[in-house]
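>>> Give the three-dimensional model of this entry:
(6 chains)
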There are 6 protein chains.
Amino acid sequence: MYELGVVYRNIARADRQAADRLGAFGSATVHEAMGRLGLLKPCMRPIYAGAQVSGTAVTVLLHPGDNWMLHVAAEQIRGGDIVVAAVTADCTDGYFGDLLATSFKARGARALIIDAGVRDVKTLTEMSFPVWSKAISSKGTIKATVGSVNIPVVCAGALVTPGDVIVADDDGVVCVPASRAAEVAEAAAAREANEGAKRAKLAAGVLGLDMYGMREPLARAGLRYVD
Amino acid sequence: MYELGVVYRNIARADRQAADRLGAFGSATVHEAMGRLGLLKPCMRPIYAGAQVSGTAVTVLLHPGDNWMLHVAAEQIRGGDIVVAAVTADCTDGYFGDLLATSFKARGARALIIDAGVRDVKTLTEMSFPVWSKAISSKGTIKATVGSVNIPVVCAGALVTPGDVIVADDDGVVCVPASRAAEVAEAAAAREANEGAKRAKLAAGVLGLDMYGMREPLARAGLRYVD
Amino acid sequence: MYELGVVYRNIARADRQAADRLGAFGSATVHEAMGRLGLLKPCMRPIYAGAQVSGTAVTVLLHPGDNWMLHVAAEQIRGGDIVVAAVTADCTDGYFGDLLATSFKARGARALIIDAGVRDVKTLTEMSFPVWSKAISSKGTIKATVGSVNIPVVCAGALVTPGDVIVADDDGVVCVPASRAAEVAEAAAAREANEGAKRAKLAAGVLGLDMYGMREPLARAGLRYVD
Amino acid sequence: MYELGVVYRNIARADRQAADRLGAFGSATVHEAMGRLGLLKPCMRPIYAGAQVSGTAVTVLLHPGDNWMLHVAAEQIRGGDIVVAAVTADCTDGYFGDLLATSFKARGARALIIDAGVRDVKTLTEMSFPVWSKAISSKGTIKATVGSVNIPVVCAGALVTPGDVIVADDDGVVCVPASRAAEVAEAAAAREANEGAKRAKLAAGVLGLDMYGMREPLARAGLRYVD
Amino acid sequence: MYELGVVYRNIARADRQAADRLGAFGSATVHEAMGRLGLLKPCMRPIYAGAQVSGTAVTVLLHPGDNWMLHVAAEQIRGGDIVVAAVTADCTDGYFGDLLATSFKARGARALIIDAGVRDVKTLTEMSFPVWSKAISSKGTIKATVGSVNIPVVCAGALVTPGDVIVADDDGVVCVPASRAAEVAEAAAAREANEGAKRAKLAAGVLGLDMYGMREPLARAGLRYVD
Amino acid sequence: MYELGVVYRNIARADRQAADRLGAFGSATVHEAMGRLGLLKPCMRPIYAGAQVSGTAVTVLLHPGDNWMLHVAAEQIRGGDIVVAAVTADCTDGYFGDLLATSFKARGARALIIDAGVRDVKTLTEMSFPVWSKAISSKGTIKATVGSVNIPVVCAGALVTPGDVIVADDDGVVCVPASRAAEVAEAAAAREANEGAKRAKLAAGVLGLDMYGMREPLARAGLRYVD
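Below you'll find the model as predicted:
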């Protein structure tokens, strides 16, 4: 967050296999497996329903109303990356549209996460290029001031370091530090392994109160029943 | 709102037939028939379009970031209920996901209305279990502090007493006190009975100004036309 | 904004052909072609995805919680108009539903832009009558106080003069002054003419950095690369 | 919340002594003593710093942009009351100014709590008539639609029943049900009795970790120290 | 709002005497006298309490994060003016600080109204240069893109034409069109003339219900009393 | 942000002299000297006007509605520190009151910066213990879940690493990385050195247009004057 005018070309991307594996779990399971950390604010919404992706972060720091650095970022994208764009002050302008999406996609990007606005959403939907943003806006941007590429950024309240794994779906966006990717994927898998059996029990009418053994701790916490 | 650590097992549910009948009118008609009362704030949005339900309220009071009482509430659900969840302070965490939805559905719940966040929305949509919430968030919750079940709660600005009728659709969520359910259903039916004829006239180009006899009161209120 | 209780019957509508032509470009292209002016705030969202319209503005000034003047406005609609409704103070009530939509449609309106709430959105979607609003709400309104029709209004932060061209789609809503409609349509066409070639290049992997000649100005602005 | 057009003249006010005693503790202590319930949303702010009051609630349900019922409420005020005003939909209009304040004060009201806007704040400050509101706005209101006086209302997210005790200061506004006023005053007194000794210890440099015996439970919860 | 890159040097300022007279009434009285029009959104707050001013508007249209045009506006200020600054998209940056305030004050400006942020508020307070803004922010701005001076602008939801009268105090900010300044000042004076007598009556305990003759219309509107 | 349940006892604090020197410049000058980086969101406001402080950051990561770790943080405070508290999800609860302030002050803390709520603001003001927060709320918090102390945190959108310099005043809060403290203090001093002369010129009526040589670049950017 504290360096302007610099592009880091070489970043340590998280292990590709771990990054891909995390995408299959979805953001809620990954967030739990992380210990309930790494969530971007829930104002970050997908422009269309149903997309579920993961990838390694290429980060960009932008200025309000200025998308110049997105073009600079395009060159740093490798296959399997997700671009994560932060802005130095709150802004809802439409920084990104179908031309940049065409470029990002050609470079191998899987998605854009931007703490600002996006436009051309109908075309982006047709292109199946998913974007999570806090706004949709026709408003275009200028190209006047340099920011940075591949420095640590704060995007929608979460710290994202270049190379971290981003997991995004209809529930939101989670950042997993590169160093923890494999471990979190393990934890997520363990978590999910149990869910099928639980789901079957609950579907059969077993209560969580019994399945999780909650009655005794609830009573100890003072819960009482009145008929 | 003013009692913690208690679960009321026996609540007086609104007349089932009236509750079901209200659902067919939708929230806007019911809200009008109520005298424009009972609306939850419009930040309460459905997780998918097209759901239209009604049911009797089982209420829950939760703490911020703590979904323990949703498990307690599950046991109190009967067929035809809708769970209405309030929180003691503003919170957007994802209190409810596909496992709890499986349990609620197995118990006979028709929907969840929660003044907080929800997650696993893709799965909930596939399950056709509708939720109205003010946020969608991957963020999970803890199970540490007891709240209450089936006490009067304030959910998104509206007072909901256990057993009241909840009507929810794409336009929002309305609460009808149990004691007024039959009367409001009557009023809604009367209101709707007129609408077909009105719609036909308006579709034929008749103006509301004429159909409702507004020209004279508008002139009296001082409206003037300039060519 | 500064006149109450008056309806202007004769307004100078923008050239129909220019108005229609602008719709085909969409709000983002038109906003750029305007010099990045005329955008309504991005809180204005369509009630369903995919609608793209343009038309000439019939304006209405409403009071909070009072939709009386929408009936007055209906009479002033001509084929190809879009009604633009402003309110004298922030309000999210559902001013407009399927009956008024039936009337507006019968009069030839193409859409409603309202800096407040709307209801019956499921029916409006089935009718293919698009509305851009800042809220969806079941809450109805009274008919007690006169406003005005066809005076200049401020709608979602933009000045709209009767007869101006409104362009609205999934990206938002833009207002083009009637006097500039033809010129802006020209500029939008010129802008779009280039886009096909650019898109092809970007899709082939050419970078915007090269295509737009940005490397030199970026270096001049101090951007440096670190390996 | 569910009755329009009615004024209840006889309400059961909380015990005067308990109501007065609660005011001395302030809203934070009372809120703790209540079990962390009864808080109005923190958007409710005083128009000037330093006021600290308590009183028994006279409630009013208003419509957006319409302050008619505040005049009706004035007649129901008795010495020691605080007027609590709710609105059927979000509104920031300035419902209350110096004339109404003069009337309320003459009737014995100690304050106004309004989930909307207020005006003439300079004069109200000079009059030492405190108001807690979510907005300050010059915008006046009409007198067209009846609401109710002395029915249960939801004000800024909290249920307030006529006669409940309201405690308000720079930290916010808390509602104590009339039936619990004496008990909560006791609990607040007990709470405060300990605070002097605690404050002295903390001022002397004793850590809360030691004073409250937190080190062991923190270790049990997994906290570890790294040098 | 629809012209960029232009500075109008000659504007028709409202009658100075009427402009000055309006300031004495304050924003609430003027807003009522206007027929409840012309109010800027209540998010516009003074940086310090107690300032009450009026003056003729010099308008500026700015871009997000760019305060270049404030320097251009300074040259157009004459004694008795108030600068009204709008931005083409939402922005909270601190566009204005003590240096610009020194310049504006030296040119004869009485205040700044800005739909964005301001900084150096401690110094501005010491200088007694009042500012109404929607934010306070340390964040500085660039000087890269031209806007306009003395074109009609939308500031915080209100249309302000150069030369209009601005009235601002602790209750908010109101814009009076230049052509209506004298008439509105008359209406405000008439309004205020009555207030002394009313205030005395209300202070003596007379109810607004009786003083305004509201009992009969309330009964007609259906209000009923329950003992 | 990505480690729970750990307290780092040894942190590298910024140079004390540089930290103290930065405080004298205020947040706006420091933010400019930083290259317009490091600002916390402007929703962070002081609980009373006039405080201006700087210090080295002791950081805390809290959970929503849980202030346990503030007690843990107290032990890590050294004279000249400022505690910076982040929360894992949006929360406005009153995490901090007069008892904790007494403890923090006794340990040598100069201020608290918290991305949540605070209470007992009247007492904190009397104690001259300044707090910058996004809310004031009577609502207390529990002590159930461990967070961390002295890990990098995101507070109100800014990354704060333990030991960084915090500068806070009426304009907001800025974070200066420890490694840049001396350099930024130099830049701020250089900036301020010029301001006296500029201020004198502007006070004498010289325009920024002339003093900064803006007329030529404005003309080049297309600005034109109309009489």
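
>>> Return the set of buried residues in the helix or strand of chain A with the lowest mean pLDDT.
When each helix and strand of chain A is scored by mean pLDDT, DSSP states H and E, helix A:181-203 comes last, with a mean of 94. Using 16 or more other C-beta atoms under 10 Å in any protein chain shown as the test for burial, helix A:181-203 gives A:181-182, A:184-185, A:187-188, A:198-199, A:201-202. To be clear about C-beta, it is placed using only N, CA and C from the backbone, and glycine gets the same treatment.

>>> now swap in stretch A:104-122 and tell me
Judged by neighbour count using 16+ other C-beta under 10 Å, the buried positions of stretch A:104-122 are A:104-107, A:109-122.

>>> and A:Val154, backbone torsions?
phi -100, psi 110 (degrees, to the nearest 10).

>>> residues contacting it?
Applying C-beta atoms under 8 Å, 6 or more residues apart in numbering or on different chains, we find A:Val154 in contact with A:1, A:86, A:160, F:154, F:157-159.

>>> Same question for A:Tyr48, what's its three-state structure.
Secondary structure for A:Tyr48, judged by DSSP: H, G, I helix; E, B strand; the rest coil, is coil.

>>> Quick check: phi and psi at it.
Here A:Tyr48 shows phi and psi, under degrees, to the nearest 10, equal to phi -140, psi 150.

>>> Which residue, other than its chain neighbours, is closest to it?
Closest residue to A:Tyr48 apart from its sequence neighbours, by C-beta to C-beta, 6 or more residues apart in numbering or on different chains: A:Thr125 at 4.5 Å.

>>> packing partners for the one helix or strand the one you found maps to?
If you go by DSSP states H and E, A:Thr125 is part of helix A:121-126. Identification of packing neighbours for helix A:121-126 by 3 or more C-beta pairs under 8 Å, 6 or more residues apart in numbering or on different chains; DSSP states H and E yields helix A:98-107, strand A:131-136.

>>> hang on, the earlier thing: helix or strand right after the least confident helix or strand of chain A?
helix A:208-211.

>>> Which elements pack onto the helix or strand where A:Ala24 lies?
Secondary structure from DSSP H and E places A:Ala24 in helix A:16-25. Counting by 3+ C-beta pairs under 8 Å, 6+ apart, the packing neighbours recorded for helix A:16-25 are strand A:53-62, strand A:165-169, helix A:181-203.

>>> Any part of the last one near chain D?
Put plainly, it is helix A:181-203. No - for helix A:181-203, no contact with chain D is found by C-beta under 8 Å from any C-beta of the partner chain; the gap never falls below 15.9 Å.

>>> Surely A:Ala14 and A:Asp164 touch.
Yes - with contact defined as C-beta atoms under 8 Å, A:Ala14 reaches A:Asp164; the gap is 6.5 Å.

>>> Which neighbours do those two have in common?
Both A:Ala14 and A:Asp164 are in contact with A:56, A:176, A:178, where contact means C-beta under 8 Å, 6+ apart.

>>> If any of those are buried, put those into a PyMOL selection.
Listed next is the PyMOL selection for buried residues among these, using 16+ other C-beta under 10 Å:
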select buried, chain A and resi 56+176+178
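
>>> Can you say which of the helices and strands packed on helix A:16-25 is nearest to F:Arg78?
strand A:53-62 (32.2 Å; C-beta to C-beta).

>>> Just the angle for that closest one relative to helix A:16-25, thanks.
Using axes from the mean of the first three to the mean of the last three C-alpha atoms, to 10 degrees, the inter-axis angle of strand A:53-62 relative to helix A:16-25 is 100 degrees.

>>> Would you mind checking the average pLDDT for the helix or strand just after strand A:53-62?
With elements assigned by DSSP H and E, the helix or strand that comes after strand A:53-62 is helix A:68-76. Mean per-residue pLDDT for helix A:68-76: 98.

>>> What lies in contact with helix A:68-76?
Under the criterion C-beta under 8 Å, 6+ apart, residues A:7, A:9, A:58, A:60-62, A:83, A:85, A:95-96, A:100, A:103-104, A:107, A:142-150, C:207-209, C:212, C:214, C:218, C:223 lie in contact with helix A:68-76.

>>> Across the sheet, point out what pairs with the spatially most central residue of chain A.
Note on chain A: the residue nearest the mean C-alpha position is A:Val173, at 3.0 Å, using C-alpha atoms, centre = their mean. Taking DSSP bridges as the rule, A:Val173 bridges to A:Ala168.

>>> how much space between A:Glu195 and B:Val72?
Using C-beta to C-beta, to the nearest Å, A:Glu195 is found at 21 Å from B:Val72.

>>> Hmm, A:Ala18 is touching A:Ala185, no?
Yes - using C-beta under 8 Å, A:Ala18 is in contact with A:Ala185, at 4.9 Å.

>>> just to revisit the earlier point, what's the closest of the helices and strands packed on helix A:16-25 to E:Ile47?
Of all those, strand A:53-62 sits nearest to E:Ile47, with 29.1 Å by C-beta to C-beta.

>>> Are any of the contacts of helix A:68-76 buried, and if so which?
Looks like these have A:7, A:58, A:60-62, A:83, A:85, A:95-96, A:100, A:103-104, A:107, A:142-150, C:207-209, C:214, C:218, C:223 buried, using 16+ other C-beta under 10 Å.

>>> near chain E, which residues of chain A show up?
A:63-66, A:88-93, A:137, A:139, A:142, A:144-145.

>>> from the residues you listed, which is closest to chain D?
When these are ranked by distance to chain D (C-beta to the nearest C-beta), A:Asp90 comes first, at 19.3 Å.

>>> Let me have the buried residues of helix A:181-203 in JSON lines, adding distance to B:Pro42 as columns.
Formatted as JSON lines, those follow (distance: C-beta to C-beta, whole Å):
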{"residue": "A:Ala181", "distance to B:Pro42": "40"}
{"residue": "A:Ala182", "distance to B:Pro42": "44"}
{"residue": "A:Val184", "distance to B:Pro42": "37"}
{"residue": "A:Ala185", "distance to B:Pro42": "40"}
{"residue": "A:Ala187", "distance to B:Pro42": "39"}
{"residue": "A:Ala188", "distance to B:Pro42": "36"}
{"residue": "A:Lys198", "distance to B:Pro42": "35"}
{"residue": "A:Arg199", "distance to B:Pro42": "33"}
{"residue": "A:Lys201", "distance to B:Pro42": "37"}
{"residue": "A:Leu202", "distance to B:Pro42": "32"}
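
>>> Now tabulate those residues in CSV and tack on distance to chain C.
Formatted as CSV, the buried residues of helix A:181-203 follow (distance: C-beta to the nearest C-beta, whole Å):
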residue, distance to chain C
A:Ala181, 24
A:Ala182, 27
A:Val184, 29
A:Ala185, 30
A:Ala187, 34
A:Ala188, 32
A:Lys198, 35
A:Arg199, 31
A:Lys201, 36
A:Leu202, 31
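
>>> what about the least confident helix or strand of chain A and chain B, touching?
Yes - residues of helix A:181-203 are located near chain B by C-beta under 8 Å from any C-beta, namely A:195, A:198-199, A:202-203.

>>> ok so, going back, got the contacts of A:Val154 as TSV, with distance to C:Leu39 columns?
Formatted as TSV, these follow (distance: C-beta to C-beta, whole Å):
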residue	distance to C:Leu39
A:Met1	29
A:Ala86	23
A:Val160	29
F:Val154	30
F:Gly157	25
F:Ala158	29
F:Leu159	32
